[in-house]
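> 3D, please:
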Amino acid sequence: MSLTVESATAALKGVVDPNTGKDLVSTRSARNVRVAGSDVSVDVELGYPAASQIEPMRKRVIEALKGAGAANVSANVTMKIVAHTVQRGLKTLPNVRNIIAVSSGKGGVGKSTVAVNLALALSAEGARVGMLDADIYGPSQPMMLGIQGKPQSVDGKTLEPMENHGLQASSIGFLIDADQPMVWRGPMVTQALQQLLGQTNWRDLDYLVVDMPPGTGDIALTLSQQVPVTGAVIVTTPQDIALIDARKGLKMFEKVGVPILGLVENMAVHVCSKCGHAEHIFGSGGAQKMAADYGVAVLGSLPLDIRIREQTDSGRPTVVAEPDSDIANAYKAIARQVAIRIAEKAKDLSLKMPTIKVSNT
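Residues are numbered from 1 along each chain as shown. Below you'll find the predicted structure:
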């Protein structure tokens, strides 16, 4: 039986992306299937950053097509990240395709550490990523990213993002002294954040990760209403007292129409660096129960590990300090799940729609 486009496509339907759990045909990732005798060529386009996944995926495609009778296979695997829909009534930013809000109902659960490693993991997989430090009262991203100095302004009106580890970053921490307290009321903070977001010259970002202020007060609520957010990630620890506040944060995003991409359970288990004993200091199963209650996913669990603290304090978070470590791989797996959930959302076409003008003739 000779190979045909139909039989080649049927073979590709058996190739499942392990990150999405779906086959390449149903997700329309496999395109331009061409057959010439026993030679087959196909393009595979992934909708999420997948630099580490491209070669394994290419091998799966080649094996499947050769198993269907192809002698020679040309498989071109690429990734393309596009803008996806945001809250009703808001438009995506021209130079930012997707905004990811990383939030927690309370402080002290490691939200900023998760945010910076999430951003670095997306960048490591080939995306163009920015970091907006929205915690005006306690900006920590300058230290975590190892960035010093003040941003430049070419035109006197806008700021150039600071950069390190491949990330573009903006933070009030770049504009004030490290020990200077921000004694501002809510409206001033909200205005400052809108300026940091809108007046930073972000350069062609696939994702902008926003390290949200803790809590669900006026500042977080206003940001959720006025910033075009593609989706939110909720960071919590397993104990009940943290989950109470995490639930409030989740409900806040639901009220303003921001999709919940999932939960990240931080400090899930502590492994002693001396003896290797594993202990659930903050309890276990809390994030899984919350996820079941609200119908959302647990994106991953992260350990309570001294290396994470040491590396972040030094300005080289885990994903860049030990890129091949188990912890870095956990962050990367979480980042892929975040990006996949965004890719499954409806695409935003507002920037492509033509302007319609009505005139009397």
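> quick one, phi psi at residue 252?
Backbone geometry at residue 252, expressed as degrees, to the nearest 10, gives phi -60, psi -50.
> would you list every one of the helices in the stretch 51-200 of the chain?
Secondary structure of the stretch 51-200 of the chain (DSSP state H, counting those that start in this stretch): helices at 54-67, 111-124, 141-144, 186-198.
> which parts of the first one are buried?
I take that to be helix 54-67. Residues 54, 57-58, 60-62, 64-65 are the ones in helix 54-67 that count as buried (16 or more other CB atoms under 10 Å). Every residue, glycine included, has its C-beta placed from N, CA and C.
> cool, the last one as well?
In terms of neighbour count (16+ other CB under 10 Å), helix 186-198 has its buried residues at 189-190, 192-193, 196-197.
> what about that helix, average pLDDT?
Average pLDDT, helix 186-198: 82.
> Could you name the helices and strands sitting against the next helix or strand after that helix?
Once helix 186-198 ends, the next helix or strand along the chain (criterion: DSSP states H and E) is strand 205-211. Applying 3 or more CB pairs under 8 Å, 6 or more residues apart in numbering; DSSP states H and E, we find strand 205-211 packed against strand 96-103, helix 111-124, strand 129-133.
> just so I know, which of these lies nearest residue 296?
Comparing those by their distance to residue 296 (CB to CB), the top pick is strand 96-103, with 13.1 Å.
> follow-up on the earlier one: kindly present the buried residues of helix 54-67 as a markdown table, with separate columns for pLDDT and distance to residue 144.
Below are the buried residues of helix 54-67 laid out as a markdown table (pLDDT from 0 to 100; distance: CB to CB, whole Å):
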| residue | pLDDT | distance to residue 144 |
| --- | --- | --- |
| 54 | 94 | 29 |
| 57 | 96 | 32 |
| 58 | 96 | 35 |
| 60 | 96 | 36 |
| 61 | 96 | 39 |
| 62 | 95 | 41 |
| 64 | 94 | 42 |
| 65 | 94 | 45 |
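> which one of the buried residues of helix 186-198 is nearest residue 39?
Closest to residue 39 out of the buried residues of helix 186-198 is residue 197 (50.2 Å), distances taken as CB to CB.
> what residue ranges in the protein are flagged as low confidence?
Scanning the chain for pLDDT under 70 picks out the ranges 1, 182, 184, 186, 350-361.
> Determine how far the longest helix along it lies from the middle of the whole chain.
The single longest helix within the chain, with elements called by DSSP state H, is helix 326-343. Averaging C-alpha positions (CA atoms, centre = their mean, to the nearest Å) puts helix 326-343 7 Å from its chain's average.
> likewise stretch 149-166?
In this view, stretch 149-166 has its centroid 23 Å away from the chain centroid, taken as CA atoms, centre = their mean.
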